[in-house]
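Undergrad: predicted model, plus sequence, below.
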Amino acid sequence: MKPVSVFYNNQPTTIFATMSALAAKHGAINLGQGFPDTDGPEWVRKAAADVLIKGPNQYPPMPGHPDLRKAVAEHNKRFYNLDIDPMTETLVTAGATEALSACCMGLLNPGDEAIVIEPYYDSYVPQIIAAGGTPKFVRLAPPDWALSEQALRAAFGPRTKLIILNSPMNPAGKVFSRSELGIIASLLMEFDAYAICDEVYEHLVFAPHEHIPLMTLPGMRDRCLRIGSAGKTFSMTGWKIGYVTGCAPLIKPVTSAHQYLTFTVNPATQIAVAQGLRADDSYFAGLVKGMDEGRQILNPGLAALGFEVLPCNGTYFLTVDVTNVAKRAGFTGSDLDFAVWLNEKAKVTVIPMSAFYHPNGGPAPHHLARFCFAKKREVLEGALDRLREFL
Ligand code: PMP
Ligand code: GLN
């Protein structure tokens, strides 16, 4: 029989699915895969339920329900003072994941290079390669994950088509500063390149840090595709509603890719998310406050156990250096071994950070683990109890 796709057939199952399956197998508290354990606002869920009963339930327009596209444009104006035409400069997708794929397909031609900042969210590289591009890696180093202009410049070249910028950054919890964004912007202009801005954690930034879309910097309005996710903004990761904002000439090919990927997304969640995006300020303030409470439980709790917790300014993830704890427990092995061991013995699930690195970027660090704190107080405290008892 003829071989199936060599590329996809050789891809491993994602670390998130793998660790969640291991968590279920061992009855572990799952702080691995990033998802909140409390559903988002009931009034948004009720709005979706209403649409399911009353309709519409047929295909919405291919680029998105007009009300959600309007709400996305309004949201850009309200939070970032960006003037966006809903009908030519927005697109609704099946989650940020489809948005990322459609953006890669819409921008890349065979032979183009796409810059990826390590550690990076796992879907970027396969999506770049599937779209005919070649990933080029720039690595940030803990604990502060600062962007080096020199290292970034070295990754740019005549074939550079785009960079994927994830701020706030999963898994590092880094929020790019205005000066770092300025470095990226000037290189994009010098090399005539674009940015796919994965901003799914835009509303999960802890004061005094602030989220600055690259798109708001001078010269960046027409070079950026800005991606948001209702899954993150409304704590309903299963809803899979994403939205892309960009100038009309960039949105056009991205929309064209989307029409063959999924064509459209279910109307009930689109209409409900449109209402959600218009929530008053107290909703957005409450979202980040709730996440911060989780961070304030997990961070000192892990530190008291001897983990070195790295700074986290956004997202719902803490990165932790496990060296001392592993040494004390007599554990020698990779971070993946450590995560598997912790899952089985302590019954707490984490994500090994090496999963966010590519072999072409050089050897990955093997002393870091990612913990998700988007969980109820009792769940986080339960995980800390288990770790304390085991370690
Ligand atoms: N980008 C990043 C950085 C993420 O962490 C995630 C998901 N958790 C996504 C994209 C995908 O978002 P969605 O679930 O909306 O597809
Ligand atoms: N974004 C989530 C995380 O980083 C996982 C999403 C997924 O499982 N694809 O944990």
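TA: Perfect, thanks for sending it. Ligands and ions are numbered 1, 2, ... in the order given.

Undergrad: OK, contacts around the residue in the stretch 101-250 of the chain that ligand 2 sits nearest to?
TA: With CB to the nearest ligand atom, the shortest gap between the stretch 101-250 of the chain and ligand 2 falls at N170, namely 5.1 Å. (C-beta placed from N, C-alpha, C; glycine too.) The contact partners of N170, taken as CB atoms under 8 Å, 6 or more residues apart in numbering, are 34, 121, 200-201, 315, 317.

Undergrad: can you add neighbour count and give these back as a markdown table?
TA: Shown next, in a markdown table, are the contacts of N170 (neighbours: other CB atoms under 10 Å):
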| residue | neighbour count |
| --- | --- |
| G34 | 22 |
| Y121 | 19 |
| V200 | 27 |
| Y201 | 26 |
| T315 | 30 |
| F317 | 26 |
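
Undergrad: and the furthest pair within the residues you listed?
TA: Across the contacts of N170, the longest distance by CB to CB is 12.2 Å; it joins V200 and F317.

Undergrad: quick one: residues contacting T88.
TA: In this structure, T88 makes contact with 248, 251, judged by CB under 8 Å, 6+ apart.

Undergrad: would you agree it falls within a helix?
TA: Yes. Applying DSSP: H, G, I helix; E, B strand; the rest coil, one finds T88 inside a helix.

Undergrad: how much space between it and ligand 2?
TA: As for T88, its distance to ligand 2 is 29 Å (criterion: CB to the nearest ligand atom, to the nearest Å).

Undergrad: again with A355
TA: 10 Å.

Undergrad: next one: L387
TA: L387 is 19 Å from ligand 2, by CB to the nearest ligand atom.

Undergrad: that residue touches T349, doesn't it?
TA: No. Applying CB atoms under 8 Å, one finds L387 not in contact with T349, separated by 11.4 Å.

Undergrad: what residues does the stretch 101-250 of the chain put near ligand 2?
TA: N170 (CB under 6 Å from any ligand atom).

Undergrad: what sits against the one residue in the stretch 101-250 of the chain that gets nearest to ligand 1?
TA: The nearest approach of the stretch 101-250 of the chain to ligand 1 comes at S229, 3.4 Å away (CB to the nearest ligand atom). Going by CB under 8 Å, 6+ apart, S229 touches 95-96, 99, 200, 241-243.

Undergrad: over to I251?
TA: The contact partners of I251, taken as CB under 8 Å, 6+ apart, are 88-91, 225, 244.

Undergrad: if we can go back for a sec, out of the contacts of N170, which touch ligand 1?
TA: When contact is defined as CB under 6 Å from any ligand atom, these meet ligand 1 at 34, 121, 200.

Undergrad: secondary structure added to these, as JSON lines?
TA: Rendered in JSON lines, the data for the ones next to ligand 1 among the contacts of N170 read as follows (three-state DSSP):
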{"residue": "G34", "secondary structure": "coil"}
{"residue": "Y121", "secondary structure": "coil"}
{"residue": "V200", "secondary structure": "coil"}
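
Undergrad: just those now: which is nearest A141?
TA: Among the ones next to ligand 1 among the contacts of N170, Y121 lies closest to A141 (CB to CB), at 18.0 Å.

Undergrad: burial of the residue in the chain positioned nearest to ligand 1, as a residue count?
TA: Residue nearest to ligand 1 within the chain (CB to the nearest ligand atom): G95, separated by 2.7 Å. Around G95 there are 23 other residues, counting by other CB atoms under 10 Å.
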